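Novice: Mind looking at a prediction? Sequence and model below.
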Amino acid sequence: MFRRSGASMREQGVIELEDCVLRLVQVYEFSSDVQRMSVIAQDERRPGECFVFSKGAPERIRLVCRQDSLPASFDQELDKLTRQGYRILAVAFSPFKEVGRSKPARDLVESELTFLGFLLFRNPLKAHTADVIAKLLAADCSVKIASGDHPLSTQHTASDLGLLGPAKEGVLIDAHGESSVSLNLPGGPSKIVEAEQFDEIALILGPADRLVMTGGAFEQLLNRKGTLTLLLKKTVVLARMKPEQKAKAILLLQESGAKTLMIGDGANDCAAIKQADVGISFSETDASHSAPFISLNSSIQCVLDVLCEARGTIVNNVEMFKYMLALSMVKFFDLFTLVFAGGNFIDGQYLYVNFVGLSPVLFTIGLARPSRRLNKALPPSNVLSSYHVVSYFSHVALLFLWFVSSYGYLRIFPGYVPPNPPRPIEVTDNYTVDQNVVFLTTNLAFMASISALVIGSPFKARLWRNSLLIGWIVCNTLYNAALFFVPALSIRAVHGMTNAYYDLPLSFRVSLFAINAAFFFVIVLFEDLVIKRVFLGDKISLLEELRRRRSSVVERLT
C-alpha cells in the first residue's frame, strides 16, 4: 500500500511524496480509551504548513470528523465489510496550524477532521487453527475470543472456527447510551434493556444462544457481577475490549470456579495473560514479557501442547506420591514380619531395596511422553479423591494379603525350621530363611506397585511406551524371579540369601514363586480393570485398549 502511493521514506520519520515532503512532528500514541492514533506532520517544502493524520476504530474516527465529510453509506459499508471478516481502520486528516514548542492538546488536534476512507485488512486463519480449536472443543474446553477489533469482524472469525455453532451468528450485546444495553438477536429486532432490568437478560436468551459482547456492554454490566458472570459463560466473542477489561473478564471467570488460559501477542494482552491461571505468548512479542510460557512459533498448537504437558506432569506427581506411600507400607510389612520372626534386613538388603528398587523408578517415571490427544477426562489431581483413596487402600490391602500369604506359606511348610533362638533385631548379619522369603517378596512387590499405580492413558503414554521404565521393571522382575531358584545369582553381602533357603525342596520354591507371581498379576489387573474402570469414566483400561488396537488393525487389513 505504501509503495502503490508513490511515497518513499527518505529517513526515519520523513516521507517524500511527489508534491510534498512530510516530516513527523508530534505523535499521539494509540490509546485503548479513544481507540485511535494521530500524528502531526509538517511539509518541509512549505514551511508553516502542517497536517493531522488520524487512524483508528471507525466508530471512534467518526466522532472526530466533520459530518459533511462522512458518506451517507458509512454505516452500511462498515456493516457489510465487517461481516465479511475484514479488519477495518478508518483514516481522517485535517490541515493544522504550525506546531510550536509545546505539544498541542489531543482534543484540539483530533477534531473537525475530514474523513478519507477505510483501510481493509484481510487476516485469514492459519491452516491448523480451526483443527486446534476443534480439538479443544472436543475436550470440553470453553473457547472465547477477546479482541479489540469490531464485533462483527471478530464474530466472522468465531464463525469460521465453529465457535458459534450452526447459527453462524451470535446475539450481539452492545452498549446503548449511558445506562442501558442493546440485544441484537439474529434475524430479529434489537431490544433495549435498561440498567434496572439487567438481571432479566439471561431470561431473554435461549439455552443455545451464543453471545458476542462489546467492551462497552461489559463495562455497564460490571455493576451486576452475577449477571455478567452468567453471560460470560455463554459468550464466545468479547470485542472492542480494553486491556483491563480482558483481565477483569478472566478474573470473573476465575471467581466462578473456572480455570483459565490466555494466549496473546500484543501489549494489550499483557494484563490478561498475567491474570490467567496459564498465560502463553509468542516469542519476540510485547506480551512475552509477562507470559510464563512462550511459544517459539506462531501456532496456537502450543495451547494443546501446554495442556497435555501439564496433565502429564500432574499424573507423574500423583503416581510418584502413591508409589512412595505404597513403598512405605511395603517396608512396614517387611519390618513387622521380620520382627515377628525375630530378624532384620542386613545393610546390603536395605541398600538394594532402596537404590535398585526405588531410584531407577524415580529417574525414569517422568520420561513418559504426554498424550498427544487432549481428552475430556481431567487428571485425578486431588490425592484425597475417592479414586485415589480407594486405589491406595485396596492396593495396600492386597499387599498385606500378599505378605501374609507368602510368609504364611513358609511358616506352615513341613520342612520349615524357625530360628531358635530368635536373633536380636540390632544384629546386622541376621541371615535366616524368614529374611530371605520377605526379601524376595519385597522386591516383586516394588515392581508390582509401580506397574499397577502408573495411570498412563489418557493423560500420558502407556507404561510400555516408556522404554527405560518398562525395561527396568522387566529386567528387575526377571532377575528377582531368578533369585527364587538360582543361588549363583545371589551376592551374599547384598541379597543375604542363605544355603538354608536353597536347600528347601524345589516344590516349595516353585509354590512360593507361584504365590508371588499370582499376587503380582492380581494387583496389576485389579487396579487396571476394576479401580480405573470404575473411577475414571473416560479412562481406557489396558485390555480395552488392546482390544481397540486389534480392531483397528483388523479394519486396516480388511
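Specialist: Arrived safely, thanks for sending. Residues are numbered from 1 along each chain as shown.

Novice: Sticking with A493, tell me its helix or strand.
Specialist: Following DSSP states H and E, one finds A493 within helix 492-495.

Novice: Quick check: buried residues in that helix?
Specialist: Neighbour counts over helix 492-495 (16 or more other CB atoms under 10 Å) mark H495 as buried. Any C-beta I mention is one placed from the backbone N, CA and C, and that applies to glycine too.

Novice: Which strands and helices lie in contact with that helix?
Specialist: Packed against helix 492-495, as judged by 3 or more CB pairs under 8 Å, 6 or more residues apart in numbering; DSSP states H and E, are the following elements: helix 347-351.

Novice: would S111 count as being in a helix?
Specialist: No. S111 is assigned coil when assessed by DSSP: H, G, I helix; E, B strand; the rest coil, not a helix.

Novice: what about the residue lying closest to it once chain neighbours are set aside, how many residues close to it?
Specialist: Closest residue in space to S111, ignoring its immediate chain neighbours: V64 at 5.6 Å, by CB to CB, 6 or more residues apart in numbering. Applying other CB atoms under 10 Å, we find 22 residues neighbouring V64.

Novice: For V64, give its distance to A105.
Specialist: As judged by CB to CB, to the nearest Å, V64 and A105 stand 13 Å apart.

Novice: Also Y502?
Specialist: As defined by CB to CB, Y502 lies at a distance of 98 Å from A105.

Novice: So which of these two has more stuff around it?
Specialist: Y502 (17 against 10).

Novice: Let me see the contact set for that one.
Specialist: 487, 509 (CB atoms under 8 Å, 6 or more residues apart in numbering).

Novice: sorry, back to before: following the helix holding A493, which helix or strand shows up next?
Specialist: helix 499-502.

Novice: mind listing what's buried in the helix or strand just after that following helix?
Specialist: Using DSSP H and E, the next helix or strand after helix 499-502 towards the C-terminus is helix 506-526. For helix 506-526, burial by neighbour count (16+ other CB under 10 Å) applies to 508-509, 512-513, 515-516, 519-520, 523-524, 526.

Novice: again with stretch 33-49
Specialist: Judged by neighbour count using 16+ other CB under 10 Å, the buried positions of stretch 33-49 are 34-43, 49.

Novice: just checking, which of these belong to strands?
Specialist: Using DSSP state E, the subset of the buried residues of stretch 33-49 located in strands is 36-43.

Novice: Distance-wise, check the closest residue to V383 other than its chain neighbours relative to H156.
Specialist: Spatial nearest neighbour of V383, chain neighbours left out: F321 (6.0 Å); criterion: CB to CB, 6+ apart. Distance, F321 to H156, using CB to CB: 48 Å.

Novice: And I204, by the same measure?
Specialist: Distance from I204 to H156, by CB to CB: 24 Å.

Novice: Which of those two has more residues huddled nearby?
Specialist: Taking neighbours as other CB under 10 Å, I204 and H156 compare with H156 leading, 21 against 13.

Novice: On the three-state scheme, the more buried one is what?
Specialist: Here H156 is recorded as helix under three-state DSSP.

Novice: which residues of the stretch 401-550 of the chain fall in helices?
Specialist: For the stretch 401-550 of the chain, helices defined by DSSP state H, counting those that start in this stretch occupy the ranges 433-453, 467-482, 492-495, 499-502, 506-526, 532-535, 542-557.

Novice: one step back: including distance to P186 and pLDDT, could the buried residues of helix 506-526 go into JSON lines?
Specialist: Below are the buried residues of helix 506-526 laid out as JSON lines (distance: CB to CB, whole Å; pLDDT from 0 to 100):
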{"residue": "F508", "distance to P186": "80", "pLDDT": "94"}
{"residue": "R509", "distance to P186": "78", "pLDDT": "93"}
{"residue": "L512", "distance to P186": "74", "pLDDT": "95"}
{"residue": "F513", "distance to P186": "72", "pLDDT": "96"}
{"residue": "I515", "distance to P186": "70", "pLDDT": "96"}
{"residue": "N516", "distance to P186": "68", "pLDDT": "96"}
{"residue": "F519", "distance to P186": "64", "pLDDT": "96"}
{"residue": "F520", "distance to P186": "62", "pLDDT": "95"}
{"residue": "I523", "distance to P186": "58", "pLDDT": "94"}
{"residue": "V524", "distance to P186": "55", "pLDDT": "92"}
{"residue": "F526", "distance to P186": "54", "pLDDT": "92"}
